[in-house]
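Return a 3D structure for these sequence lines:
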Amino acid sequence: MGAVEAIIHFFQTGGWFMYPILLVLAIGVAITIERAVKLLRVKKNNEDIWGKVYPMLEAGDFDGARDVTSSSDSAIGVLLNMGLSRQGSVRRRDDVEIAMEESMMEIIPQIEKRTPYIALFANISTLLGLLGTIMGLIDAFTAVAGADPAEKADLLSASISVAMNTTAFGLMSGILLLCLHVWVNAKTGEIVDSLEMASVKMLNIITEFTRRQSVLANQNA
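The predicted structure follows:
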């Protein structure tokens with residue numbers, strides 16, 4: 001028996017509980033794929049915008065940076081544009097920082113969207129596997145109750161073996177989904193960290209620029 005045939009046989013002998021576990025696994029994998037595509041796109045767009053804006057910030061070209069971020073719908077573009085829009089009208093670092101924190105509160109939920117469902121489906125698949133085994137064991141003991149005593153041991157052994165397939169499949173699905181959840185969480189954390197790093201760098205540049213402007217103004221006075 002080949003590997004494919006063994007997998008098919010394993011699935012078919014597991015009972016009907018194998019189907020809801022498979023459905024939960026498919027939904028969890030689909031969410032993971034959607035999140036992976038979204039996060040990779042967000043990361044690339046953020047890197048592209050940051051690569052354009054950072055040299056402008058270092059050069060003190062806040063108007064140019066503001067033009068670039070205002071026309072961008074990337075997460076980092078929205079974040080920096082919120083801070084740059086305040087930078088043009090206020091002088092205090094705290095006001096700019098508060099504006100960017102407010103923007104972060106809107107951006108992060110979009111980045112983390114649907115990720116908790118992957119862990120939820122991992123737990124559901126494991127519990128479905130256990131439930132399937134319990135139901136299979138109940139059916140097994142019910143079936144052998146009226147069987148010939150000489151056949152009870154063989155029937156019970158075969159029924160238990162089949163019932164345990166659901167636990168095995170549920171655990172395999174749960175482990176896979178948990179690993180996928182950790183990966184998605186890690187990628188999400190990388191993006192959030194990069195946004196926080198960019199906001200801190202921009203705040204430091206604005207603060208230094210404001211300090212230099214004040215020094216020049218005092219010298220000219």
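
Any idea how many residues pack against Ile108?
Other residues near Ile108 come to 16 when the count uses other CB atoms under 10 Å. (Glycine included, C-beta is placed from N, CA and C.)

And the pLDDT for it?
For Ile108, the model assigns a pLDDT of 91.

Run through who's touching stretch 111-129.
17, 20-21, 24-25, 27-28, 31-32, 34-35, 39, 42, 75, 166-171, 173-178, 180-181, 184-185, 188, 191-192 (CB atoms under 8 Å, 6 or more residues apart in numbering).

Going by neighbour count, list what's buried in that stretch.
Judged by neighbour count using 16 or more other CB atoms under 10 Å, the buried positions of stretch 111-129 are 111-112, 115, 117-119, 121-122, 124-126, 128-129.

Please list the members of the residues you listed that lie in helices.
If you go by DSSP state H, the buried residues of stretch 111-129 have 111, 115, 117-119, 121-122, 124-126, 128-129 in helices.

Columns pLDDT and distance to Ser70 on top of the residues you listed, output as a markdown table?
Formatted as a markdown table, those follow (pLDDT from 0 to 100; distance: CB to CB, whole Å):
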| residue | pLDDT | distance to Ser70 |
| --- | --- | --- |
| Ile111 | 91 | 21 |
| Thr115 | 92 | 29 |
| Tyr117 | 95 | 34 |
| Ile118 | 95 | 35 |
| Ala119 | 94 | 37 |
| Phe121 | 96 | 39 |
| Ala122 | 95 | 41 |
| Ile124 | 95 | 43 |
| Ser125 | 93 | 45 |
| Thr126 | 92 | 47 |
| Leu128 | 91 | 49 |
| Gly129 | 88 | 51 |
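
ok, so of the residues you listed, who is nearest Gln213?
Distance to Gln213 across these (CB to CB) is lowest for Ile111, with 34.8 Å.

Next, find the distance separating that closest one from Arg86.
Ile111 sits 22 Å away from Arg86 when distances are taken as CB to CB, to the nearest Å.

check contacts around the nearest residue to Ser74 once chain neighbours are set aside.
Nearest residue to Ser74, sequence neighbours excluded (CB to CB, 6 or more residues apart in numbering): Asn45, at 3.9 Å. Listed by CB under 8 Å, 6+ apart, the contact partners of Asn45 are 72, 74-77.
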